[in-house]
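Trainee: Whatever this is, show me its structure:
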Amino acid sequence: MEQDIVQRVKADPNYRKLVRARSRFGWILTWSMMVVYYGFTLLCAFDKEFMGSRFGDGVMTWGIPLGLFVILFTVVITAVYVRRANGEYDRLTDAIKANAASGNGSGNGSGRKVAA
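Mentor: Residues are numbered from 1 along each chain as shown. Alright, predicted model coming up:
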């Protein structure tokens, strides 16, 4: 019985769409985070003069706001992922569950595909 449900889920076009969209979006966020994080780390390692140089008339160096940017960027992309997961991905997951429960492998239980 469980294999039947697994096969219905795998055959569902919403499942393939969910896997493709979540994977692609996850890799985009991963690479953007890596660029920001490793960019900051490389600046700290190879351009200490820039990171330690002051801007304006104050005592703050470039390293402080850039470090804060890395932290804020992490929070923002996490929020973006959560928002998308709670919206588009949850809708697709609900449609997949409905199709698997009803034995229908193509659509959202009513014969229609879910628009994302």
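
Trainee: now what about stretch 37-50, what contacts it?
Mentor: Contact with stretch 37-50 is made by M51, W62, G63, L66, G67, F69, V70, as judged by C-beta atoms under 8 Å, 6 or more residues apart in numbering. Placement of C-beta: from N, CA and C, glycine included.

Trainee: before we move on, what about stretch 73-92?
Mentor: 14-15, 17-18, 21-22, 25-26, 29, 32-33, 36, 114, 116.

Trainee: And for stretch 25-34?
Mentor: F73, T74, I77, V80, Y81, R84.

Trainee: hmm, back to that, which of the contacts of stretch 37-50 count as buried?
Mentor: M51, W62, G63, L66 (16 or more other C-beta atoms under 10 Å).

Trainee: Filter the contacts of stretch 37-50 down to just the ones in helices.
Mentor: Counting by DSSP state H, the contacts of stretch 37-50 place M51, G63, L66, G67, F69, V70 in helices.

Trainee: Name the nearest residue to the second one, ignoring sequence neighbours.
Mentor: Read it as G63. Computed as C-beta to C-beta, 6 or more residues apart in numbering, the closest residue to G63 that is not its neighbour in sequence is M51, at 4.1 Å.

Trainee: Give the buried residues for the helix or strand hosting S23.
Mentor: Taking DSSP states H and E as the definition, one finds S23 inside helix 13-46. Along helix 13-46, these residues count as buried under the neighbour rule (16+ other C-beta under 10 Å): P13, N14, Y15, K17, L18, R22, F25, V36, F40.
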